[in-house]
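In: structure, please.
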Amino acid sequence: QFSNLAVTGSPSPDYVFHYNYALPAALRKQPLWHFLNECGNELRTRYPAFRTRGQFESYRQHLLAGVRRSLGLDPWPPKSPLKARLVGKLDRGSYFIEKVLFESQPGFKVDALLYVPKHVEFPAPAVLSPAGHWWDDVFYPDVEQGRHIGLVKNGYVVLVYDPVGQGERAWLGPHNQLRKQIGLAGMDASGLMFWDSIRAIDYLCSRSEVDSSKIGVTGVSGGGFNTVHTALLDPRVKVCAPNGYATTIEALVKRATYGCCGHTPNLCLYGDHGELYACLAPKPTLILGGYTDVVADRVLPIYARSLAAYRLYGAEGSLSYFLDPDVGHTYSFPERVRMIHFFNKHLRGIYDPDVAVKAQAENELLKRESGLLKVFPDGESKGVAVVELVKSFLQRNQKIVSPPTTIAEAREFQQRIREDLISHMGDMAPPSPPRVVSDDGVLGYQAVRNIMLETEREIPVPLQVHWPAQDTPVRGLVIYLQMSARY
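Out: This next block holds a predicted model:
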């Protein structure tokens, strides 16, 4: 209902899907959504242009510091021993699938699969291939297995793991639920996932089969989200190919949903998705998307925004994009072909787009009911819950504030708390008397007076003023705010 394949005035005649968003009529009439729609419009021109490399580097540091803080990764968690061990192995003809367990944080177990090619010269380039947020066990969907098998059959060592709250780690709780539970501590579920990715790269680099100077990352959907952030946060990633994650905050707002993981908390305080991609410069990056992918609906604007940063390094050739005209939110075979050619160019130093890319055979895809990709041994503990990580995080980072002892200190303390609250809420408009839209003017004992105010953001605030009874000792009025009437 949000798509518009016939829109005119798009930046390119071959890319029109979702370019112009419009809220459904019912939502447009609601004041809060009208306000959010206007906020989305303002975001288009909010962030600075990159004119010099020095200016851009300063901005990059600002964005990275903000993103790390929002994710609960500032300071970094300590790198504890991985305690990695092999718990199983499948021989798949031209490659092995090793079942691996490691700990990204003390007691926080991560189950993973390592695809290791046969008959290649080691050490070989390696690819972290983070899974998307699918409903199925994430090791089994064709869109995931096909990518891993394609990479390993083309000579790459490939690692995929179960993200927090998925597959064999579903017992930890859904991504969104965890985000709500740990946000008050200054942590974020996506931050846990990106740290898992960083530790997964630690594991890759520990393997003798892997050339640690040639690490790539690629994934789709939640895996594309993971790819962008892991490539931003870990300098060991030399090339990346995010898929199914090329949108904007404006589009997310106007779509009225962001899915389970389509954003970084407080991102718009530092930048937008285009700025995230730009800050990858000059790292070789291939932006992938399906023509009708609702979460890759801004590929060209993001490419254009990022290209400005790549030009500052003379690295325009390191940034590319590919839209598959026949698919939506997936990782299609044509997209995999483009990705493997791109990785060959930047990790192997060879580039020939006419070279055939090996793909999985139909009988190579394992079915979920086979259970063959199960990693945790029966009866083994799956590690500590997220609440234990929260306790450890607070022990390391919680600030204990001494209570004020004088009036001056109390006022300063109050002002600091107020500023902190406002910064977490985004902003606050300068105080001014609200406009009175309507007032029934009812007065008298036990009366209820209905008033409609309007804030400077043109959001209605319905109030009821309850007058006390005549014989009550109470002096004053009760003002009741009806939040539900705003929607």
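In: what's the end-to-end length of stretch 287-295?
Out: In stretch 287-295, first residue to last residue: 12 Å (CA to CA, to the nearest Å).
In: again, but for stretch 69-88
Out: End residues of stretch 69-88 are separated by 38 Å (CA to CA).
In: buried residues in it?
Out: Neighbour counts using 16 or more other CB atoms under 10 Å place 69, 70, 71, 72, 73, 77, 82, 84, 88 of stretch 69-88 among the buried residues. For glycine as for every other residue, the C-beta is placed from the backbone atoms N, C-alpha and C.
In: so the fourth one makes contact with residue 188?
Out: Pointing back at residue 72 there. Yes - at 5.2 Å, residue 72 counts as touching residue 188 under the criterion of CB atoms under 8 Å.
In: shared neighbours of those two, anything?
Out: Listed as contacting both residue 72 and residue 188 by CB atoms under 8 Å, 6 or more residues apart in numbering are residue 182.
In: contacting residues around residue 401?
Out: Contacts of residue 401 (CB under 8 Å, 6+ apart): residue 413.
In: any idea how far residue 203 is from it?
Out: Distance of residue 401 to residue 203, given as CB to CB, to the nearest Å: 39 Å.
In: before we move on, what about residue 346?
Out: Residue 346 is 22 Å from residue 203, by CB to CB.
In: what's near enough to touch the closest residue in space to residue 102 that isn't next to it in sequence?
Out: Leaving aside its chain neighbours, residue 102 sits nearest to residue 84 (4.0 Å; criterion: CB to CB, 6 or more residues apart in numbering). By CB under 8 Å, 6+ apart, the contact set of residue 84 is 100, 101, 102, 203, 206.
In: repeat for residue 396
Out: Taking CB under 8 Å, 6+ apart, we find residue 396 in contact with residue 75.
In: which SSE is it in?
Out: helix 386-397 (DSSP states H and E).
In: for whichever helix or strand comes after that helix, what is the distance to the chain centroid?
Out: Moving toward the C-terminus from helix 386-397, the next helix or strand (DSSP H and E) is helix 407-425. What separates the centre of helix 407-425 from the centre of its chain is 31 Å, taken as CA atoms, centre = their mean, to the nearest Å.
In: quick one: buried residues of helix 407-425?
Out: Under the neighbour-count criterion of 16+ other CB under 10 Å, helix 407-425 has nothing buried.
In: with stretch 345-357 instead?
Out: For stretch 345-357, by 16+ other CB under 10 Å, it's 345, 346, 347, 357.
In: as a markdown table, these with secondary structure, pLDDT and distance to residue 440 would be great.
Out: Shown next, in a markdown table, are the buried residues of stretch 345-357 (DSSP: H, G, I helix; E, B strand; the rest coil; pLDDT from 0 to 100; distance: CB to CB, whole Å):
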| residue | secondary structure | pLDDT | distance to residue 440 |
| --- | --- | --- | --- |
| 345 | helix | 94 | 71 |
| 346 | helix | 96 | 69 |
| 347 | helix | 96 | 71 |
| 357 | coil | 78 | 72 |
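In: in this protein, which spans are strands?
Out: Using DSSP state E, the strands of the chain run over 85-91, 95-105, 108-117, 124-128, 157-161, 210-220, 237-243, 285-290, 319-324, 435-439, 448-454, 460-466, 478-481.
In: what's in contact with the first one?
Out: Contacts made with strand 85-91 from outside it, assessed by CB under 8 Å, 6+ apart, are listed as 96, 97, 98, 99, 100, 101, 102, 372, 375, 376, 377.
In: report the two of these separated the most.
Out: Distance extremes for these: the farthest pair is 102 and 372 at 20.4 Å, using CB to CB.
In: neighbours of residue 438, just the number please.
Out: 12 (other CB atoms under 10 Å).
In: ok, it - contacts?
Out: Counted by CB under 8 Å, 6+ apart, residue 438 has contacts 450, 451, 452.
In: from memory residue 47 sits against residue 268, does it?
Out: No - when contacts are counted by CB under 8 Å, residue 47 is not listed as touching residue 268 (9.1 Å).
In: in stretch 370-381, which residues are buried?
Out: So, applying 16+ other CB under 10 Å, buried residues of stretch 370-381: 373, 374, 375, 376.
In: mind putting those residues into CSV with pLDDT?
Out: CSV is the format used below for the buried residues of stretch 370-381 (pLDDT from 0 to 100):
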residue, pLDDT
373, 95
374, 96
375, 97
376, 97
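In: out of those, which is nearest to residue 237?
Out: Nearest member of the buried residues of stretch 370-381 to residue 237, counting by CB to CB, is residue 375, at 24.0 Å.
In: in the stretch 1-150 of the chain, where is pLDDT below threshold?
Out: Where the stretch 1-150 of the chain drops to pLDDT under 70, the residues are 1-24, 27-28, 44, 136.
In: can you map out the helices along it?
Out: Secondary structure of the stretch 1-150 of the chain by DSSP state H, counting those that start in this stretch: the helices cover 25-28, 31-42, 53-71, 142-153.
In: residue 384: which of those helices is closest?
Out: helix 53-71 (19.9 Å).
In: just how off-centre is that closest one within its chain?
Out: Worked out by CA atoms, centre = their mean, helix 53-71 lies 17 Å from the chain centre.
In: flag every buried residue along that helix.
Out: Those buried within helix 53-71 under the rule 16+ other CB under 10 Å are 56, 59, 60, 63, 64, 66, 67, 68, 69, 70, 71.
In: distance to residue 115 added to those, as TSV?
Out: Shown next, in TSV, are the buried residues of helix 53-71 (distance: CB to CB, whole Å):
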residue	distance to residue 115
56	37
59	38
60	33
63	33
64	31
66	35
67	30
68	30
69	35
70	33
71	28
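In: which of residue 47 and residue 268 has more neighbours?
Out: Neighbours per residue, other CB under 10 Å: of residue 47 and residue 268, the larger number sits with residue 268, 22 against 17.
In: ok, for the more buried one, nearest residue in space, not its chain neighbours?
Out: residue 249 (5.2 Å).
In: CA atoms of stretch 174-194 as PDB?
Out: Output of stretch 174-194 as PDB, limited to C-alpha atoms (Å, rounded to 0.1, in the frame of the first residue of the first chain):
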ATOM      1  CA  PRO A 174      13.300 -11.500  20.800                       C
ATOM      2  CA  HIS A 175      15.500  -8.600  19.600                       C
ATOM      3  CA  ASN A 176      12.900  -5.900  20.300                       C
ATOM      4  CA  GLN A 177      12.000  -7.300  23.700                       C
ATOM      5  CA  LEU A 178      15.700  -7.300  24.700                       C
ATOM      6  CA  ARG A 179      16.100  -3.800  23.400                       C
ATOM      7  CA  LYS A 180      13.400  -2.600  25.700                       C
ATOM      8  CA  GLN A 181      14.700  -4.600  28.700                       C
ATOM      9  CA  ILE A 182      18.300  -3.400  28.500                       C
ATOM     10  CA  GLY A 183      17.900   0.100  27.200                       C
ATOM     11  CA  LEU A 184      17.700   1.700  30.700                       C
ATOM     12  CA  ALA A 185      21.100   0.400  31.500                       C
ATOM     13  CA  GLY A 186      22.600   2.200  28.400                       C
ATOM     14  CA  MET A 187      22.900  -1.000  26.300                       C
ATOM     15  CA  ASP A 188      21.200  -2.100  23.100                       C
ATOM     16  CA  ALA A 189      20.400  -5.500  21.600                       C
ATOM     17  CA  SER A 190      22.000  -4.500  18.300                       C
ATOM     18  CA  GLY A 191      25.200  -3.600  20.200                       C
ATOM     19  CA  LEU A 192      25.300  -7.100  21.600                       C
ATOM     20  CA  MET A 193      24.900  -8.500  18.100                       C
ATOM     21  CA  PHE A 194      27.700  -6.300  16.600                       C
END
